[in-house]
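[1] quick one: sequence and predicted model below, then my questions.
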Amino acid sequence: MTGFLVVSAAVYGVVIGSFLNVVILRVPEKVSIVKPPSACPGCGNRISTRDNLPIVSWLLLRGRCRNCAMHISARYPVVEALTGALFVLVALRFGWSWTLPAEIIFVSGLVALAFTDLDRMLLPKVIIYPTGGLVLAALVAAAAVQGSWHRLAIAAGCGAAEFVLLFTIHFISPRSLGFGDVRFGPIIALALGWIGWRYAFVGFLAANLVGSVIGVILMATGKAGRKTLVPFGVFLAIGAVLAIAFGGLVHYPT
Ligand SMILES: [Zn+2]
């Protein structure tokens, strides 16, 4: 049963990852994610279905357009593989459970938002709100089926606490933390808080730790200065994934 779940998660993951590539590319440009169909930016040729298979097509074509041989970024198969890996992670972590749909939606949103933030320092509302709304709806459904309203209340409490914290930081120093992060953080705390409030805590701590380490490395290598803006959403997303993967292994003081 686990084998079937893992294989399904991997397949769905790379397919959703392929869709997320379109979202990451088009949403910041305010272009429809449905129309027009994908085309090569070099020759304008429409990409056929057989050349649009996640990961496989890129490998078979060795990262080039079939028509004009223009280089196709390795980012596309990387996003697909990453999404597949995250789907497998949550499938292994939560199994067939009412929690699974919420966390699947959650990690999909994480990938889309981490990459728009990395590319353009943007956490678009049109990605944040649907992600938050769908995660919340899935958690409400899970709470209703299981009668676990207490758990939902804890998750909502984590979301509210992170909102207050990030809003305060943003209020004191808008340059160090954009309002996109103030919207994004509470969704992460909600999805992690459902697993347990400690996970929300570990996720936030891990985000700051990873952010600090990378910040120090960038400054030490001269790639960033004190005033360089950092896409904090990327670190929030990394922290969330670390919490899901390893949050249960941390020993908490009692
Ligand atoms: Zn082409």
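    Arrived safely. Residues are numbered from 1 along each chain as shown.

[2] got a pLDDT number for the residue nearest the centre of the chain?
    Centroid check for the chain by CA atoms, centre = their mean gives Leu110 as the closest residue, at 1.2 Å. Leu110 carries a pLDDT value of 98.

[3] swap in the one 3 residues further on?
    According to the model's per-residue confidence, Leu113 sits at a pLDDT of 98.

[4] show residues contacting stretch 109-126.
    17, 20, 23-24, 27-28, 79, 82-83, 86, 127-128, 130-132, 134-135, 178, 180-181, 183-184, 187-188, 229, 231-234, 237-238, 240-241 (CB atoms under 8 Å, 6 or more residues apart in numbering). (Each C-beta comes from the backbone N, C-alpha and C, glycine too.)

[5] any of those buried? List them.
    Buried by 16 or more other CB atoms under 10 Å: 17, 20, 23-24, 27-28, 79, 82-83, 86, 127-128, 131-132, 134-135, 178, 180-181, 183-184, 187-188, 231-234, 237-238, 240-241, out of the contacts of stretch 109-126.

[6] out of those, which sit inside helices?
    Among the buried ones among the contacts of stretch 109-126, the members falling in helices (DSSP state H) are 17, 20, 23-24, 79, 82-83, 86, 127-128, 131-132, 134-135, 180-181, 183-184, 187-188, 232-234, 237-238, 240-241.

[7] low-confidence stretches in the chain?
    Along the chain, segments meeting pLDDT under 70 span 1, 251-254.

[8] how about 90 then?
    Scanning the chain for pLDDT under 90 picks out 1-2, 31, 34-38, 41, 173-177, 215, 219, 222-230, 247-254.

[9] near the ion, which residues of it?
    Within the chain, the positions near the ion by CB under 5 Å from the ion are Cys40, Gly42, Cys43, Cys65, Asn67, Cys68, Met70.

[10] return a PyMOL selection command for the buried portion of those.
    Selection of buried members from the residues of the chain next to the ion for PyMOL, criterion 16+ other CB under 10 Å:
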select buried, resi 40+65
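
[11] got JSON lines for the residues of the chain next to the ion, with distance to Glu162 and secondary structure too?
    Putting those into JSON lines (distance: CB to CB, whole Å; DSSP: H, G, I helix; E, B strand; the rest coil) gives the following:
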{"residue": "Cys40", "distance to Glu162": "42", "secondary structure": "coil"}
{"residue": "Gly42", "distance to Glu162": "43", "secondary structure": "coil"}
{"residue": "Cys43", "distance to Glu162": "46", "secondary structure": "coil"}
{"residue": "Cys65", "distance to Glu162": "43", "secondary structure": "coil"}
{"residue": "Asn67", "distance to Glu162": "47", "secondary structure": "coil"}
{"residue": "Cys68", "distance to Glu162": "47", "secondary structure": "coil"}
{"residue": "Met70", "distance to Glu162": "43", "secondary structure": "coil"}
